[in-house]
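S.K.: Dropping the sequence and predicted coords here.
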Amino acid sequence: MKNGAHPDLEILRKDAGRGEPLYAGEPQTLADLFADAVHKNPENNPLNFKRDGKWHAISAGEMLERIEKCAIGLYSLGLRKGDRAAILAPNAPEWTIADAGCQFVGIVDVPIYTTLARDSVEFILNDSGARVLFLENNALYQELKEVIERSPSVDKVVLFEGGSDDGSIITFEQLLLSGGELKGGSGLIDELRAAVSPEDMATLIYTSGTTGEPKGVVLTHKCIISNVIDAGEKYDFAIHDIPLSVLPLSHIFERSAMYLYIYHGMSVHYAESVDKVADNLADVRPTIFIGVPRIFEKVYAKAKLKSSEAGGVNENIFDWAIELARKYALKKERDEPLSPGLKIEHFIADKLVYRKLREFFGGRLRACITGGAALSTDIYLIFNGAGISIMQGYGLTETSPVLTSNNPQFSKLGSVGKPIRNVQIRIAKDGEIEAKSPGVMLGYYKKAEATSEAFTDDGWFKTGDIGHIDEDGFLFVTDRKKELFKTSGGKYVAPAPIEERIRSSRFVNQVVLVGNERNYAVALIVPNFEMLESYAKHKGFPTMTHSEFCRDKRIVDLFERQVGTATEGLARFESVKKIALLDKEFSVVGGELTPTLKVKRRVINEKYKHVIDRLYAEK
């Protein structure tokens, strides 16, 4: 077995070289990263979690002890270097410890989103050949029991919480106990850790797949370590920083961030759940927050709704402050002078509005980092103008993930930043963004043809995104190559920028543009029903259900006007001729979104074909 990889994996590329180390004694493997972090900051409490209404801390020494016991425990189950172990559970210290335990032994871990459909879970377990499956609890095991029975490679299930009467299941604490008994003073853990090399496969991450079946992305220790170190170069991360972990650790963005936090000696706090994020922000008062744009969009929508419900002078003050935030941030972006009058207005707006926005995040945020989807210009200006610095980056699972990033030293409105250290970016003739870096994957697991198609003849990774690089070296991503559609008139339309414009309306929650091989573009819109209910109440409309809102001619007219205003100035072939309002939000459970909240356009086109056909049939 070469490089710790599965024999069925054909590696069709060579690692891109990495320059001189950024730090003395840089870790070479993920096991090194954890061990070095504990050695440098033995008094820290790196892992913090809330249970039974109280926050608990796991010290650096205890974390390392549990990781080593987990590693030996897996070894005692018969797993060896190159074997696979899947993790399907929400964020918790056990997730991180299980992940690190795998890395200490050279076991390849396979993260699985908790929101995935059961047939996708079954596919991943069988395709990866996972021998161990870590699950949150017995309730989840009961849900997946039939899936597990159809996955012959799975020898053992390990529960992070609670126990079970099933003999094929052990608890996480039992795994650690068996590891502790075998570990002793034998030196086995040092021997196993020393056998792991930077070129070994560390993890197998299945892409969420907007089209087709998931593909397993092969990332080595070197891929991830290089990205963790290089992505953080321009940030002044420090031991006193406190991050709140919100995005699922199944996402490489959050997982790499976790490694970065631990490497820099920070105290990570795990959010209890998506529903508890607001409470946890108030508890933890983080200094660093990593989130997808949807989080910031929802925070703004809630604030706007609250002001609308208050009505009168409160709504007017909010709207004035938001417009001022946009103006203030835009002037700072352009390095234009701030007049004394603008400074005074901003000071007043800060006392009345911005301070409350900052307090939602705990009041001491100094860096918000976002990726995974495009951040709208509007949201960027509003939050930055309100004193919440949002820095957008860009990358993919296949690139470990970061390729480019805005940072405290260099940023530009609308861009996804400059390439991070050791990353090269170029634009192909057709506009596709291509990349080369030590963080780029080895390939797709057991998919030699797909791997070959993902790279150019000279070894550059093809991202599938369309973009351009400006004269200052900032990258701008305009759309997904596969999402461009051509009208029947032969004109290519990029849906994402148009959708961003439409989403700027306070009444719009989600929008998807349709128009491939059609005469013109139409939009499927999921309204912001909370905002709509507030609007209807203000207008004196009778109480309506969501579906009644979507059929009401006055509401449809409102949205047509909103879309018309938002898309003003577009080319004729880009204009949205018709809209349909949908009463159900696009979701992961519904199949319209990937676990990383990307739109599955093919699914939406199929699921709402009757709605789309009706729009084009209407005169």
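M.R.: It's in. Numbers count the residues shown, from 1 in each chain.

S.K.: C-alpha only now, for contacts and for neighbours.
M.R.: Noted.

S.K.: which strands and helices sit next to the strand or helix carrying residue 127?
M.R.: In the assignment (DSSP states H and E), residue 127 maps to helix 118-128. Applying 3 or more Cα pairs under 8 Å, 6 or more residues apart in numbering; DSSP states H and E, one finds that helix 118-128 makes contact with helix 138-149.

S.K.: Remind me what the helix or strand where residue 96 lies packs against, helices and strands.
M.R.: Using DSSP H and E, residue 96 maps to helix 93-105. If contacts are counted by 3+ Cα pairs under 8 Å, 6+ apart, helix 93-105 sits against helix 30-40, strand 47-51, helix 60-76, strand 108-111, helix 188-194.

S.K.: So what's the gap between stretch 246-253 and the chain middle?
M.R.: 6 Å (Cα atoms, centre = their mean, to the nearest Å).

S.K.: Show me the domain layout of this structure.
M.R.: The record's domain parsing of the chain by automatic domain parsing lists 29-196, 293-481, 484-617.

S.K.: what's the helix holding residue 127 in contact with?
M.R.: Here helix 118-128 makes contact (Cα atoms under 8 Å, 6 or more residues apart in numbering) with 84, 86, 110, 112, 144, 147-148, 150-154, 204, 206, 214, 216.

S.K.: same question, stretch 459-477
M.R.: Contacts of stretch 459-477 (Cα under 8 Å, 6+ apart): 13, 396, 404, 412, 414-419, 427, 431-436, 440, 454-456, 478-482.

S.K.: With stretch 142-162 instead?
M.R.: By Cα under 8 Å, 6+ apart, the list of residues contacting stretch 142-162 from outside reads 94, 118-119, 121-122, 125-126, 129-138, 168-173, 175.

S.K.: what's the weakest-modelled helix or strand in this protein?
M.R.: strand 485-486 (a mean of 85; mean pLDDT, DSSP states H and E).

S.K.: Show me what it is packed up against.
M.R.: strand 492-493.

S.K.: And the strand it packs on, what does it pack against?
M.R.: strand 485-486.

S.K.: quick one: the helix or strand where residue 476 lies to chain centroid distance?
M.R.: Secondary structure assigned from DSSP H and E places residue 476 in strand 475-480. In terms of Cα atoms, centre = their mean, the centre of strand 475-480 is found 17 Å from the chain centre.

S.K.: Please name the strands paired to that strand in the sheet, noting orientation.
M.R.: strand 461-469 (antiparallel) (DSSP bridges).

S.K.: quick one: contacts for residue 204?
M.R.: The contact partners of residue 204, by Cα under 8 Å, 6+ apart, come to 108, 109, 110, 111, 128, 216, 217, 218, 219, 445.

S.K.: Do you know the pLDDT at residue 599?
M.R.: On the pLDDT scale, residue 599 is placed at 89.

S.K.: how close does the closest residue to it other than its chain neighbours sit to residue 154?
M.R.: Nearest in space to residue 599, with sequence neighbours left out and distances taken as Cα to Cα, 6 or more residues apart in numbering, is residue 593 at 4.7 Å. Residue 593 sits 28 Å away from residue 154, going by Cα to Cα, to the nearest Å.

S.K.: got it, and residue 256?
M.R.: Going from residue 256 to residue 154 by Cα to Cα gives 27 Å.

S.K.: Can you pull the phi/psi pair for the residue nearest to residue 599?
M.R.: Phi and psi for residue 593, reported as degrees, to the nearest 10, are phi -120, psi 150.

S.K.: list the helices and strands the longest helix seen in the chain packs on?
M.R.: Secondary structure of the chain per DSSP state H: the longest helix is helix 312-333. Counting contacts by 3+ Cα pairs under 8 Å, 6+ apart, helix 312-333 is packed against helix 293-310, helix 340-349, helix 377-385.

S.K.: Just checking the distance from the last one to the centre of its chain.
M.R.: From the chain centre to the centre of helix 377-385 is a distance of 20 Å (Cα atoms, centre = their mean).

S.K.: average pLDDT across the following helix or strand past it?
M.R.: Proceeding N to C from helix 377-385, the next assigned helix or strand is strand 390-395, under DSSP H and E. For strand 390-395, mean pLDDT is 95.

S.K.: what do you get for stretch 76-93?
M.R.: pLDDT averaged over stretch 76-93 gives 97.

S.K.: what's in contact with it?
M.R.: So stretch 76-93 is in contact with 4-6, 47-49, 95, 102, 105-114, 125, 128-136, 178-179, 182, 196, 201, 245-246, 248-249, 270-272, going by Cα under 8 Å, 6+ apart.

S.K.: Now do the end-to-end distance for that stretch.
M.R.: Using Cα to Cα, the end-to-end distance of stretch 76-93 comes to 22 Å.

S.K.: Buried residues, that stretch. List them.
M.R.: 76, 79-93 (16 or more other Cα atoms under 10 Å).

S.K.: Tell me the spatial nearest neighbour of the residue sitting nearest the centre point of the chain, not counting adjacent residues.
M.R.: A centroid search over the chain (Cα atoms, centre = their mean) returns residue 372, at 4.7 Å, as the residue closest to the centre. Nearest non-adjacent residue to residue 372, counting by Cα to Cα, 6+ apart: residue 292, 6.0 Å away.

S.K.: Name only those of the contacts of stretch 459-477 that count as buried.
M.R.: Among those, those buried by neighbour count (16+ other Cα under 10 Å) are 13, 396, 404, 412, 414-419, 427, 431-436, 440, 454-455, 478-481.

S.K.: Which ones among these lie within helices?
M.R.: Among those, no member falls in helices (DSSP H).

S.K.: which residues does the nearest residue to residue 270 once chain neighbours are set aside contact?
M.R.: Leaving out its chain neighbours, the residue that sits closest to residue 270 by Cα to Cα, 6+ apart is residue 245, at 4.8 Å. By Cα under 8 Å, 6+ apart, the contact list for residue 245 reads 91, 254, 258, 268, 269, 270, 271, 289, 290.

S.K.: could you list every residue that touches the fifth one?
M.R.: Read it as residue 269. 47, 48, 49, 242, 243, 244, 245, 284.
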